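J.: Give me a 3D structure for the following:
(chains A and B)
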Protein chains: 2
Amino acid sequence: MPCPFHYRDCESPMSELFKALERAPLDTRESTARLLDAVAWNDAGLIPAIAQQHDSGEVLMMAWMNREALEETLRSGRVCYWSRSRGKLWRKGESSGQQQHLKAAALDCDGDTLLLQVDQTGPACHTGRRHCFYVSLDADQGRVDSEPLIDPDTLYGVGKA
Amino acid sequence: MPCPFHYRDCESPMSELFKALERAPLDTRESTARLLDAVAWNDAGLIPAIAQQHDSGEVLMMAWMNREALEETLRSGRVCYWSRSRGKLWRKGESSGQQQHLKAAALDCDGDTLLLQVDQTGPACHTGRRHCFYVSLDADQGRVDSEPLIDPDTLYGVGKA
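T.: Below is the predicted model of the structure:
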């Protein structure tokens, strides 16, 4: 259905709740349960979550969360995604030890994206790099612009029991 | 298909090209055309693009791009998304005047997300706020944590010819 607001980009009509919050006074509160009811989960029940290092501002990675992953993250303070490949909760760092501790979370205006402020232990990227965005791109070419901090074989204990 | 790398989260098997880049030396180059052939566009031909203010590090918004939008962005230096609601290219700022000038772009390790460093004129959010992530969230409640810089009716000329 086309969005009634020509200047917005929503895949589906935005919920009444998020629409109401647009003009709500600063410091307006709403229960997390009601907000999560109104989130625009995609067909697979997921929303994208951007992880940003809370102090440096570096964008580390983007992954996906379902409601259960987000609720666990908010409750535990340790970031938990939904692994689309494994089809299960993915507690960041459970294989690599490189955890993300949650500092703050926010939903966007459409209720369809999360921004997480985290404190990342070591590399966030499975390649051993600090962050995942290491292929810089211009109109003509891309370029590998950073190196692993840690060899991924060490990170994931390849060859170990 | 389950990802062969238990520690990664890819919806589909990662392209050979992005896999090869993981261990490629710093400064390895590849043509943008080949990289875009290998990008993990979703079923709708889109990837998520995160826009970050290049100097402050503030994450402004997330939207979607198809190949045409990304190529135009890289070529023109003005950020162009794909509007899922309108089903057409969305040159950021064409309605509001609040443009995004591209400073740098990067693909992530899986080739399924973009990070754009931009210089944003005024508010990035359709609500008139500087950025879109204004509903802060904890386990119990959410809270409107910022106010519009500009009234959205002014921004989009509601009531004007």
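
J.: just the strands in chain A please.
T.: Counting by DSSP state E, residue ranges of the strands within chain A are A:29-31, A:47-53, A:59-65, A:80-83, A:88-91, A:100-107, A:114-120, A:135-137, A:141-144.

J.: Could you dump those into CSV and include mean neighbour count and distance to B:Gln141?
T.: Any C-beta I mention is one placed from the backbone N, CA and C, and that applies to glycine too. Listed next are the strands of chain A as CSV, based on neighbours: other CB atoms under 10 Å in any protein chain shown; distance: least, CB to CB, whole Å:
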stretch, mean neighbour count, distance to B:Gln141
strand A:29-31, 13, 5
strand A:47-53, 23, 19
strand A:59-65, 25, 18
strand A:80-83, 24, 20
strand A:88-91, 17, 23
strand A:100-107, 20, 12
strand A:114-120, 23, 16
strand A:135-137, 22, 39
strand A:141-144, 19, 43
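
J.: want to try TSV for the ones you listed, with distance to B:Gly87 and mean pLDDT as columns?
T.: Rendered in TSV, the data for these read as follows (distance: least, CB to CB, whole Å; pLDDT from 0 to 100):
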stretch	distance to B:Gly87	mean pLDDT
strand A:29-31	32	97
strand A:47-53	21	98
strand A:59-65	24	98
strand A:80-83	28	97
strand A:88-91	33	96
strand A:100-107	25	98
strand A:114-120	25	98
strand A:135-137	25	98
strand A:141-144	28	98
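
J.: Could I get those strands in JSON lines, plus columns for distance to B:Leu36?
T.: Written out in JSON lines, the entries for the strands of chain A read as follows (distance: least, CB to CB, whole Å):
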{"stretch": "strand A:29-31", "distance to B:Leu36": "41"}
{"stretch": "strand A:47-53", "distance to B:Leu36": "20"}
{"stretch": "strand A:59-65", "distance to B:Leu36": "18"}
{"stretch": "strand A:80-83", "distance to B:Leu36": "26"}
{"stretch": "strand A:88-91", "distance to B:Leu36": "28"}
{"stretch": "strand A:100-107", "distance to B:Leu36": "30"}
{"stretch": "strand A:114-120", "distance to B:Leu36": "26"}
{"stretch": "strand A:135-137", "distance to B:Leu36": "9"}
{"stretch": "strand A:141-144", "distance to B:Leu36": "9"}
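
J.: Looking at those, which is nearest to B:Arg29?
T.: Proximity to B:Arg29 (CB to CB) singles out strand A:141-144 among the strands of chain A, at 5.2 Å.

J.: Kindly format the C-alpha coordinates of the closest one as PDB.
T.: What follows is strand A:141-144, C-alpha atoms only, in PDB (Å, rounded to 0.1, in the frame of the first residue of the first chain):
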ATOM      1  CA  GLN A 141      36.400   0.700  -7.300                       C
ATOM      2  CA  GLY A 142      36.300  -0.800  -3.800                       C
ATOM      3  CA  ARG A 143      39.200  -1.200  -1.500                       C
ATOM      4  CA  VAL A 144      40.000  -3.300   1.600                       C
END
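
J.: chain center to that strand: distance?
T.: For strand A:141-144, the distance between its averaged C-alpha position and the chain's averaged C-alpha position is 25 Å (CA atoms, centre = their mean, to the nearest Å).

J.: Each with direction, which strands does it pair with?
T.: Based on DSSP bridges, the strands next to strand A:141-144 in the sheet, each with its direction, are strand A:135-137 (antiparallel), strand B:29-31 (antiparallel).

J.: Kind regards, and thank you for your time.
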